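Chemist: Got a predicted model here, sequence first, then my questions.
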Amino acid sequence: MPGGRLTQQDRRQIALGLAEGLAYAEIARGLDRPTSTITREVMRNGGPTAYRADLAHRATEHRTHRRRGAAPRAPGTPPQEHGRDAEAVREYEEVFATVFMQSGLPRMTARVLAGLYTTDSGSLSASELAGRLQISLASVSKAITFLEGQGLIRRERDERRRERYVVDDDVMYQSTMASARATAHLGEIARQGVGIIGPGTPAGARLENIARFVEFISESIARAADHARDILHTKPGATPD
């Protein structure tokens, strides 16, 4: 397979493939590239619905120029943990944040969440997040408030009584259950409308169908979350209750 960076013409072919609804693997075959290359290219440049070839090309050139102009690592600075490629990690965090943005999170909030998920401890303080992402403490605070309100992170204090923000298995479970409850609430509201509008009317029948659908979905989500927690989060050798 050819090496080197994607050209502007490559990016135009990617944009055409996305417009035609082609899968990443099919676009990759047309360019004789790995599917992972196309996936990273699209996700770091707005995702499949917002990808623009010329904008993606300029953004890549800007990142390359910024990388070349960055100061070299100072002597004595510890390398990335586990021998990781710092640039590859940074680019992956951009891709991860883009996925969160596509699900509705604001950009800065998505970057904070991605930063937490990609740190080994799964726990960072406000100052650590600000330094890691090169953003202000005010931006961190705003993002944390939003994420906590959505049940996507939790707060705890370390041995020095410093506040830290945490993502872990339990946070994911609680977030999923909160989503199930929100879905169930929509079903309750729809069912109230059936009584008000009338069960024998077209609008009433529509609301009844909505209520049944979302109730089924919310119950399925809750059961799946409980089941996954029992199986996936049980330590080896332990038996679920």
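Modeler: That came through, no problem. Just so we're clear, the structure is a prediction, and the values are computed from it rather than from any experiment.

Chemist: Kindly state the domain boundaries assigned to the chain.
Modeler: The chain breaks down into these domains under automatic domain parsing: 8-59, 85-166, 169-232.

Chemist: Could you export the ones you listed as a markdown table, including mean pLDDT?
Modeler: Listed next are the domains of the chain as a markdown table, based on pLDDT from 0 to 100:
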| stretch | mean pLDDT |
| --- | --- |
| domain 8-59 | 88 |
| domain 85-166 | 87 |
| domain 169-232 | 91 |
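
Chemist: any chance of those domains in TSV, plus mean neighbour count?
Modeler: Where you see a C-beta, it was placed from the backbone N, CA and C, and this is true even at glycine. Shown next, in TSV, are the domains of the chain (neighbours: other CB atoms under 10 Å):
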stretch	mean neighbour count
domain 8-59	17
domain 85-166	16
domain 169-232	15
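
Chemist: Please report the distance of the residue nearest the centre of the chain from residue 202.
Modeler: By CA atoms, centre = their mean, the chain has its centre lying nearest to residue 100, at 3.0 Å. In this view, residue 100 and residue 202 are 38 Å apart by CB to CB, to the nearest Å.

Chemist: Ok, residue 188 next?
Modeler: On the measure of CB to CB, residue 188 and residue 202 end up 21 Å apart.

Chemist: just residue 107 next, same as before
Modeler: 41 Å.

Chemist: try residue 117
Modeler: Distance from residue 117 to residue 202, counting by CB to CB: 45 Å.

Chemist: Next, the residue sitting furthest away from the middle of the chain: phi, psi?
Modeler: Checked against the mean C-alpha position of the chain, the extreme residue using CA atoms, centre = their mean is residue 200, at a distance of 42.6 Å. Torsion angles at residue 200 (phi, psi; degrees, to the nearest 10) stand at phi -90, psi 0.

Chemist: All good on my end, thank you.
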